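Engineer: Test case, fold it:
(chains A and B)
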Amino acid sequence: MTGAAVEAAGRPHGVADRAAKGVSRGPRLALLGILAICQRAYLTLWRQPVLIVSTMLFPVIYLLVLGNALNRQLSNIPLAVVDEAGNSLAAECRRAVLALESGRALVVATFPADREEALDDLRRGRYRGIWVLPYGLSPAGPAPAFIGDNTDRPSYDALQSALSEIWGEATGTRRRSAESARLEAYPYLDYLTYLGPAVVCLAIFMGSMVAGGLQVIEDRMYGYHEGYLVTPVSTGAIVTGHMLAGTLVAGLAGAFVLLAIMLFTPLPMTTPEALGGGLVTVFLTALAITALWFLLFARARKTSVLRGMFGIINVLVFFPSGALYPVESYPKWLRVISDVDPLTYGVSALRDLLLRGAPIRTCYSEWVFLLTFSLACGLLTQVLFRREV
Amino acid sequence: MTTNPIQAEKLTRKFGDTVADDAVTFEVRPGETYGLLGPNGAGKTTLVRMLTTLLPPTSGKARVAGYDIVREKGKVRASIGTVSQAETTDENLTVRENLSVHGKMYGLWGRTLSERIERRLTQVGLWDKRKQITKTLSGGMRRRLEIARGVLHSPHILFLDEPTTGLDPQSRRAAWEMLGQLKARDASLAIVLTTHAMDEANYLCDRVAIMDGGRILCEDGPEALKRSLPTGEHVEIETDRTIELRDKESIIALGAVNWRSPAPTSVQFEARPGEGIGRLAAQLVEERGYAIRHLSISPVTLEDVFFAYTGRALREETVA
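Structural biologist: Residues are numbered from 1 along each chain as shown, chains lettered A, B, ... in the order given. Coordinates of the predicted model:
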């Protein structure tokens, strides 16, 4: 048969009849395709315990360990006080140090007689600091000297601040200026509670990595994808389906963790409005992060690519988001990354809603960013996504 | 006007400098089971991938179910069912869930979908296993599920890419019988099958194309292909005494080729299939007063045809 004859040939008998019977087309077919991909992702989630552990339990454990490891007030810092003065002012300083030991338990004080011996011990790591009260100690001078182990910056700072406070009290210099007023705008928050929204975002990050990245690559690797690609569902619907399926899994993980941390760390604001706004934020963040994962791995064929890139993406997405430390203190170049990182907006909206009790409208700008980001990623993915194998 | 479900004309696909399919032209008729036979790297899978819209052709054209495979991909996809070499059902879903997910991708919904699932699972004998998680199925059952999924939406053409590779003989036979039943119920269903199992092609196919180096070398019904060989029927005759030279010459004159005489009392030769030369030779030997101790006439197989066209040398696989 010639090319023209092939062109001119009509439809085979019966094709139209088959297609017509109870079969959807156009937008309805697209919706059914999206529904099918989501159905599969949802069913797969509950049948893979490893997935639940990695997406839901890992962030909660992370919260408990990291929150408790970093949240502690400093205590039992070994301090050497070398009293070379032996006068009444030095005795007052020594008493104040002992009070610090028995009261706040900030230090464990030792009183070696020799400065050199104390310095040797500092170098050996026995002390974090030495406070030398020199001969002739007086308010007019000579003043005490603090030699601290600056490899341990938090202890160094805490000792220095406590000892200068003691010296100020002992010499009366502190009383000269009036105490400034200090008020807290919100109920007391410990670091564990501060971490809460970050951990919700971590669950979203992990969940979307599994459902939006790993799952899609595995589908391609093991040939499951071929099952989708030969169907009449449009490429746009397949991309949207994968994005929504990932959002469903990541959003469920985020919502679960949100509820879990409300039990572990009673968040100050647990009004229905905050919870509702929180859930919307969780799912919008899940959508944006899933869209990002899917875009990054739209063409990847091997899971080793994801494993290789995971560390870099984690560093570029999770850490600049302000999840662990306030964004405002970042250097300029890091602020740029933070500004385009969707997780920044998720963390910020969740903190506003759950810690500060802000009204929902304060999150609108974050929500708009997350939606726009998702849409942009989705459109780019559709261009990059290959229908062919 | 009706037309053939598949019409391919000069379909070519290149991967860089490698030509996987080189101007392949063929047709599949309504209701026909068409086998693509060839060694690894012959271009069978690439050809099927082009016809199922998974790979664009480099040149040439083809219509599947009357639709152009490049310009009317969506319509082609809606008209075909595929069962690929890889297991593409999700092992974490139940048998029924797999079909439910897949049916929606073809626009099936609600009661129509439920009825189709029940009908297809009953046909492949898996209705009782509908609630079982797919990874717990045996290889044969999993393959049957793949086939049920391939025909769930009642396609016009079903593509099967090495459908019984890795199955035990019982499961292979069960899969063949199931395909036979599917065809019996739906006479217009055309099937395109790639395989390198000769018995499978012989059992299932109405017509067979033998491919190698990206080209179709020959194409016909399995029996016609066997008859087309100049030789291939293997004959062995063993007698009670030494066969004399003039008797040997008489047998050769019947049309025997590739003559061997492993012992003075026996001869082995090949003959053109379908002409009964083996039987004639046996008669001749008896007429000349020999007693036949052993007679073996092996008919030509599709494998003989395959080797005749593709050779016996191992080749490098160059196509993914």
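Engineer: where along the stretch 151-300 of chain A do the helices fall?
Structural biologist: Along the stretch 151-300 of chain A, the segments classed as helices by DSSP state H, counting those that start in this stretch run A:153-171, A:191-208, A:215-222, A:224-229, A:235-264, A:272-296.
Engineer: Figure out which of the ones you listed is closest to B:Asp22.
Structural biologist: Of all these, helix A:224-229 sits nearest to B:Asp22, with 24.5 Å by Cβ to Cβ. Placement of C-beta: from N, CA and C, glycine included.
Engineer: coming back round to it: reformat the helices of the stretch 151-300 of chain A as TSV; add distance to chain B and mean neighbour count.
Structural biologist: Shown next, in TSV, are the helices of the stretch 151-300 of chain A (distance: least, Cβ to the nearest Cβ, whole Å; neighbours: other Cβ atoms under 10 Å in any protein chain shown):
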stretch	distance to chain B	mean neighbour count
helix A:153-171	47	17
helix A:191-208	17	26
helix A:215-222	7	19
helix A:224-229	4	21
helix A:235-264	9	23
helix A:272-296	19	24
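Engineer: Touching stretch A:298-315 from outside, list them.
Structural biologist: With Cβ atoms under 8 Å, 6 or more residues apart in numbering or on different chains as the test, stretch A:298-315 has contacts from A:205, A:209, A:213-214, A:217-218, A:220-221, A:293, A:296-297, A:381, A:384-386.
Engineer: Pick out the residue of chain B closest to chain A.
Structural biologist: Nearest residue of chain B to chain A, counting by Cβ to the nearest Cβ: B:Ala86, 3.0 Å away.
Engineer: I figured that residue hits A:Tyr222, correct?
Structural biologist: Yes - using Cβ atoms under 8 Å, B:Ala86 is in contact with A:Tyr222, at 6.8 Å.
Engineer: hang on, the earlier thing: helix, strand, or coil at the residue of chain B closest to chain A?
Structural biologist: Going by DSSP: H, G, I helix; E, B strand; the rest coil, the secondary structure assigned to B:Ala86 is coil.
Engineer: pLDDT wise, what is it at?
Structural biologist: Listed pLDDT for B:Ala86 reads 77.
Engineer: residues in contact with the residue nearest to it when sequence neighbours are not counted?
Structural biologist: Excluding the flanking residues, the one nearest B:Ala86 by Cβ to Cβ, 6 or more residues apart in numbering or on different chains is A:Gly223, at 3.0 Å. Contact partners of A:Gly223, counting by Cβ under 8 Å, 6+ apart, are B:84-88.
Engineer: quick check, nearest of those residues to B:Phe306?
Structural biologist: Nearest to B:Phe306 among the contacts of A:Gly223: B:Gln85, at 19.5 Å, using Cβ to Cβ.
Engineer: my guess is the closest one meets B:Glu162, correct?
Structural biologist: Yes - the criterion here is Cβ under 8 Å, and B:Gln85 meets it with B:Glu162 at 5.0 Å.
Engineer: For chain B, give me its nearest residue in chain A.
Structural biologist: Proximity of chain A to chain B (Cβ to the nearest Cβ) peaks at A:Gly223, 3.0 Å away.
Engineer: Please parse chain A into its domains.
Structural biologist: A:31-68+A:187-384, A:73-170 (automatic domain parsing).
Engineer: Tell me the buried residues in the helix or strand harbouring B:Thr25?
Structural biologist: Using DSSP states H and E, the element containing B:Thr25 is strand B:18-28. Under the neighbour-count criterion of 16 or more other Cβ atoms under 10 Å in any protein chain shown, strand B:18-28 has B:19-22, B:24-28 buried.
Engineer: Determine which two of those residues are furthest apart.
Structural biologist: B:Val19 and B:Val28 (22.6 Å).
Engineer: Show me how far whichever strand or helix holds A:Ser365 is from its chain's centre.
Structural biologist: Here A:Ser365 sits within helix A:364-384, counting by DSSP H and E. What separates the centre of helix A:364-384 from the centre of its chain is 21 Å, taken as Cα atoms, centre = their mean, to the nearest Å.
Engineer: Contacts (any at all) between chain B and it?
Structural biologist: No - contact of helix A:364-384 with chain B (Cβ under 8 Å from any Cβ of the partner chain) is absent, the minimum separation being 15.6 Å.
Engineer: Okay, buried residues for that helix please.
Structural biologist: A:366-367, A:369-370, A:373-374, A:377-378, A:381-382.
Engineer: Just put these in CSV and tack on pLDDT and distance to B:Arg77.
Structural biologist: CSV is the format used below for the buried residues of helix A:364-384 (pLDDT from 0 to 100; distance: Cβ to Cβ, whole Å):
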residue, pLDDT, distance to B:Arg77
A:Glu366, 94, 40
A:Trp367, 96, 37
A:Phe369, 96, 37
A:Leu370, 96, 34
A:Phe373, 96, 32
A:Ser374, 96, 28
A:Cys377, 94, 26
A:Gly378, 93, 22
A:Thr381, 92, 21
A:Gln382, 90, 18
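Engineer: Could you list the domains of chain B?
Structural biologist: Following automatic domain parsing, chain B resolves into domains at B:6-227, B:233-299.
Engineer: before we move on, back to that, for the strand holding B:Thr25, give me every contacting residue.
Structural biologist: Applying Cβ under 8 Å, 6+ apart, the set of residues contacting strand B:18-28 from outside is A:1, B:4-14, B:34, B:43, B:46-47, B:50, B:57, B:60, B:157, B:190, B:192, B:209, B:211, B:213-216, B:219, B:318-319.
Engineer: What strands line up against the helix or strand that it is followed by, and which way round?
Structural biologist: Scanning forward in sequence from strand B:18-28 by DSSP H and E, the next helix or strand is strand B:33-37. Partner strands for strand B:33-37, per DSSP bridges, with pairing direction: strand B:190-195 (parallel), strand B:207-212 (parallel).
Engineer: Would you mind putting the ones you listed into CSV with distance to A:Asp341 and mean pLDDT alongside?
Structural biologist: As requested, the strands paired with strand B:33-37 are arranged in CSV below (distance: least, Cβ to Cβ, whole Å; pLDDT from 0 to 100):
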stretch, distance to A:Asp341, mean pLDDT
strand B:190-195, 48, 92
strand B:207-212, 53, 91
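Engineer: So which of these is the most surrounded?
Structural biologist: Of all these, strand B:190-195 has the most neighbours on average by mean count of other Cβ atoms under 10 Å in any protein chain shown, namely a mean of 25.
Engineer: ok and that one relative to strand B:18-28, angle-wise?
Structural biologist: Angle, strand B:190-195 to strand B:18-28, by axes from the mean of the first three to the mean of the last three Cα atoms, to 10 degrees: 140 degrees.
Engineer: Convert strand B:190-195 to PDB, retaining C-alpha atoms only.
Structural biologist: The C-alpha coordinates for strand B:190-195 follow below in PDB (Å, rounded to 0.1, in the frame of the first residue of the first chain):
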ATOM      1  CA  ALA B 190      -6.100  -8.100  16.300                       C
ATOM      2  CA  ILE B 191      -3.000  -9.200  18.300                       C
ATOM      3  CA  VAL B 192       0.600  -8.300  17.600                       C
ATOM      4  CA  LEU B 193       3.000 -10.600  19.400                       C
ATOM      5  CA  THR B 194       6.700 -10.300  19.700                       C
ATOM      6  CA  THR B 195       8.500 -13.500  20.800                       C
END
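Engineer: Identify all contacting residues around it.
Structural biologist: With Cβ under 8 Å, 6+ apart as the test, strand B:190-195 has contacts from B:5-6, B:28-38, B:44-45, B:47-48, B:51, B:156-164, B:179, B:183, B:200-201, B:204-205.
Engineer: Stretch A:362-377 too?
Structural biologist: With contact meaning Cβ under 8 Å, 6+ apart, stretch A:362-377 is reached by A:243, A:277, A:280-281, A:284-285, A:287-288, A:291-292, A:294-295, A:342, A:345-346, A:348-349, A:352-353.
Engineer: now do 6 Å
Structural biologist: Stretch A:362-377 has contacts (Cβ atoms under 6 Å, 6 or more residues apart in numbering or on different chains) with A:284, A:287-288, A:291-292, A:295, A:342, A:345, A:348-349, A:352.
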